[in-house]
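# Curious how this folds, go ahead:
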Amino acid sequence: MGGIAAALRLRQQGARVTLVEQAPEFGEVGAGLQLAPNATRLLKEWGLLERVLTVAVAPKHLVFRDAVSGRELLRQDVRGEFEARYGAPYIVAHRADLHAILVDAAREAGVELVNGVTIARTENTALGARAVATDGRAFDADAVLAADGLRSVVRAEMSDDEPIPSGYVAFRGALPISDVKHASDMEDVVVWLGPRCHLVQYPLRKGEMFNTVAVFQSPAFLRGEEVWGTEDELEEAYKDCVPEVRKALENLWRVRSWPMFDRLPIETWVDGNVALLGDAAHPMLQYLAQGACQALEDAHVLGDAVRRCVLPASDDGRRREAWALALREFNEVRAPRTSRVQTTARVWGESWHVDEPIAVLVRNMLFEAAGARGGYPYTDWLYGRDALTTDDGAFLPRLDRRLPA
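Numbers count the residues shown, from 1 in each chain. Just a heads-up that it's a prediction; the model follows:
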């Protein structure tokens with residue numbers, strides 16, 4: 001998602017872009033994703049929001065419930081005042097639909113799409129940077145942007161860190177509504193919070209599909225066993241939940257599961273004219289539903305940096321330095337924000353999954369208090385209109401920087 005979004009945004013700024021993909025075709029698998037206003041606001045600016053809305057759902061509410069008692073803890077209206085405050089809607093979409101729209105837009109804009117190539121390494125060159133494929137092909141450019149995911153080959157060239165398993169695993173299901181065995185709240189995004197587990201449900205494709213995600217902590221992982229996150233563990237994790245939640249497990253695909261990983265934030269995503277973006281730069285747990293949103297933010301900020309730094313220098317023989325400056329500014333703006341999202345997602349997940357009675361009571365009280373306050377004090381930092389330019393003074397774009405004389 002990050003790679004195609006960045007390719008499109010850079011092409012919109014006038015850059016010539018080649019997007020190299022290891023899969024034989026450009027496509028996306030998976031199920032649903034949530035796109036908060038910080039992402040849909042960008043899609044609107046890129047001229048794509050209306051296209052996305054033709055295949056998405058704009059839910060009425062974001063609802064949190066206690067999965068054991070069934071008690072509703074928070075109901076946030078994400079239309080009306082919410083949409084006006086943030087300048088864009090909160091929507092849910094099938095991952096494949098959003099990806100296809102971005103690919104089509106990139107192709108229409110003139111991005112060169114190359115399939116069936118796996119990049120083995122990158123290097124800086126006298127004129128810019130180079131990406132070298134496993135088959136020996138070399139792709140020379142002013143800059144190389146690596147959006148190669150959680151287990152990024154290019155990140156390994158910059159950092160010796162490794163993906164961190166959370167011990168939680170997800171089972172997913174995105175089914176035609178006719179195949180759904182249990183569906184409710186067809187106009188909302190509903191999150192059920194349970195002991196070391198949670199379950200999320202929402203409609204997709206104008207209500208033609210229904211998405212269910214069940215996430216739970218694996219006892220086998222905690223015991224250090226090699227095989228963990230099984231169907232038996234899934235059923236056991238939700239045994240104390242209300243019937244509505246247990247019944248919803250019938251909507252899940254059982255053919256595979258998705259272990260949840262992230263990494264600790266790193267400050268530097270850039271080496272000369274090579275840079276990371278998306279999950280390669282800031283893989284995060286899913287509790288804030290910001291993985292795709294942050295990838296779109298990366299693309300937007302990168303495009304702005306290139307417009308400021310590179311385009312004015314495109315004809316004066318200093319493109320290499322201009323790209324290096326643009327990538328540094330991109331890194332400086334994005335790293336503090338994505339670091340906060342990564343670390344907050346971890347804390348958010350811990351609060352969802354508490355299992356001690358007092359901790360559950362405190363969590364529920366905090367959710368109810370947030371609902372009574374309208375929720376905005378807790379979401380403005382993430383969804384606000386100035387989210388890409390200021391964070392309570394924590395970072396500001398370095399607009400005053402110029403190329404060296």
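
# First-to-last residue distance for stretch 114-129?
Using CA to CA, to the nearest Å, the end-to-end distance of stretch 114-129 comes out at 18 Å.

# likewise stretch 21-35?
Looking at stretch 21-35, the gap from its leading to its trailing residue is 24 Å under the measure CA to CA.

# Name the surrounding residues that touch it.
Outside of stretch 21-35, the residues that reach it under the criterion CB atoms under 8 Å, 6 or more residues apart in numbering are 1, 3-4, 43, 52, 56, 90-96, 98-100, 103, 113-119, 172-174, 189, 202, 204, 211, 213, 289, 291-293. Yep, even glycine has a C-beta here, placed from its N, CA and C like the rest.

# Just the buried residues of it, please?
Judged by neighbour count using 16 or more other CB atoms under 10 Å, the buried positions of stretch 21-35 are 21, 26, 28, 31, 32, 33, 34, 35.

# Same question for stretch 79-97.
Under the neighbour-count criterion of 16+ other CB under 10 Å, stretch 79-97 has 82-83, 86, 88-97 buried.

# go on, stretch 331-349?
By neighbour count on 16+ other CB under 10 Å, the buried set for stretch 331-349 is 331-342, 344-346, 348-349.

# can you pull out the strands in the stretch 201-350 of the chain?
Assigned by DSSP state E, counting those that start in this stretch, the stretch 201-350 of the chain shows strands spanning 209-217, 258-262, 270-271, 274-276.

# Which among the contacts of stretch 21-35 count as buried?
Members of the contacts of stretch 21-35 that pass the buried threshold by neighbour count (16+ other CB under 10 Å) are listed as 1, 3-4, 43, 52, 56, 90-96, 98-100, 103, 113, 119, 172-174, 189, 202, 204, 211, 213, 289, 291-293.

# Where helices are concerned, which of those residues count?
Counting by DSSP state H, the buried ones among the contacts of stretch 21-35 place 3-4, 43, 52, 95-96, 98-100, 103, 291-293 in helices.

# how about the CA coordinates for stretch 163-178, as PDB?
Presented in PDB, the C-alpha positions along stretch 163-178 are these (Å, rounded to 0.1, in the frame of the first residue of the first chain):
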ATOM      1  CA  PRO A 163      10.400  -7.900  14.100                       C
ATOM      2  CA  ILE A 164       8.900  -8.500  17.500                       C
ATOM      3  CA  PRO A 165       6.200 -11.000  18.000                       C
ATOM      4  CA  SER A 166       3.400  -9.800  20.200                       C
ATOM      5  CA  GLY A 167       2.100 -13.200  21.100                       C
ATOM      6  CA  TYR A 168      -1.300 -12.200  19.700                       C
ATOM      7  CA  VAL A 169      -2.700 -13.800  16.500                       C
ATOM      8  CA  ALA A 170      -5.600 -12.700  14.200                       C
ATOM      9  CA  PHE A 171      -8.200 -14.800  12.400                       C
ATOM     10  CA  ARG A 172     -10.000 -12.900   9.700                       C
ATOM     11  CA  GLY A 173     -13.000 -13.300   7.600                       C
ATOM     12  CA  ALA A 174     -14.500 -11.100   4.800                       C
ATOM     13  CA  LEU A 175     -17.600 -12.900   3.600                       C
ATOM     14  CA  PRO A 176     -20.500 -12.100   1.200                       C
ATOM     15  CA  ILE A 177     -23.400 -11.100   3.400                       C
ATOM     16  CA  SER A 178     -25.300 -14.100   2.200                       C
END
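
# who's in contact with residue 310?
By CB under 8 Å, 6+ apart, the residues touching residue 310 are 15, 142, 319, 322, 323, 326.

# Quick one: residues contacting the second one.
When contacts are counted by CB under 8 Å, 6+ apart, residue 142 is found next to 127, 128, 129, 273, 310, 319, 320, 323.

# Can you tell me, leaving aside adjacent residues, what's nearest to it?
In space, and not counting its chain neighbours, residue 142 is closest to residue 128: 4.1 Å by CB to CB, 6 or more residues apart in numbering.

# Test my guess that the one you found contacts residue 320.
Yes - between residue 128 and residue 320 there is a contact under CB atoms under 8 Å: 5.3 Å.

# intersection of neighbour lists for those two?
Taking CB under 8 Å, 6+ apart as the contact rule, residue 128 and residue 320 both touch 142, 273.

# Retrieve the pLDDT associated with the residue nearest the centre of the chain.
The residue at the geometric middle of the chain, judged as the C-alpha nearest the mean C-alpha position with CA atoms, centre = their mean, is residue 291 (1.2 Å). The score at residue 291 is 96. That number is its pLDDT.

# who touches the closest residue in space to it that isn't next to it in sequence in this structure?
What sits nearest to residue 291 in space, not counting adjacent residues and going by CB to CB, 6+ apart, is residue 284, at 6.0 Å. Taking CB under 8 Å, 6+ apart as the definition of contact, the neighbours of residue 284 are 262, 290, 291, 294, 338, 341, 342, 345.

# go on, residue 212?
Contacts here follow CB under 8 Å, 6+ apart; on that basis residue 212 touches 172, 173, 174, 175, 199, 200, 201, 248, 251, 252.

# sorry, back to before: narrow the contacts of residue 142 to just the buried residues.
In those, burial by neighbour count holds for 128, 129, 273, 310, 319, 320, 323, counting by 16+ other CB under 10 Å.

# Nearest to residue 9 among those residues?
The shortest separation between residue 9 and any of the buried ones among the contacts of residue 142 is 12.9 Å, and it belongs to residue 310 (by CB to CB).

# Walk me through the regions of the stretch 151-300 of the chain where pLDDT falls short of the threshold, as ranges.
Across the stretch 151-300 of the chain, residues meeting the criterion (pLDDT under 70) sit at 183.

# returning to what we had before: among the contacts of residue 310, which one lies nearest to residue 279?
Out of the contacts of residue 310, the one with the shortest distance to residue 279 is residue 326. That distance is 21.1 Å, counting by CB to CB.

# how near is the closest one to residue 158?
Relative to residue 158, residue 326 is positioned 17 Å away (CB to CB, to the nearest Å).
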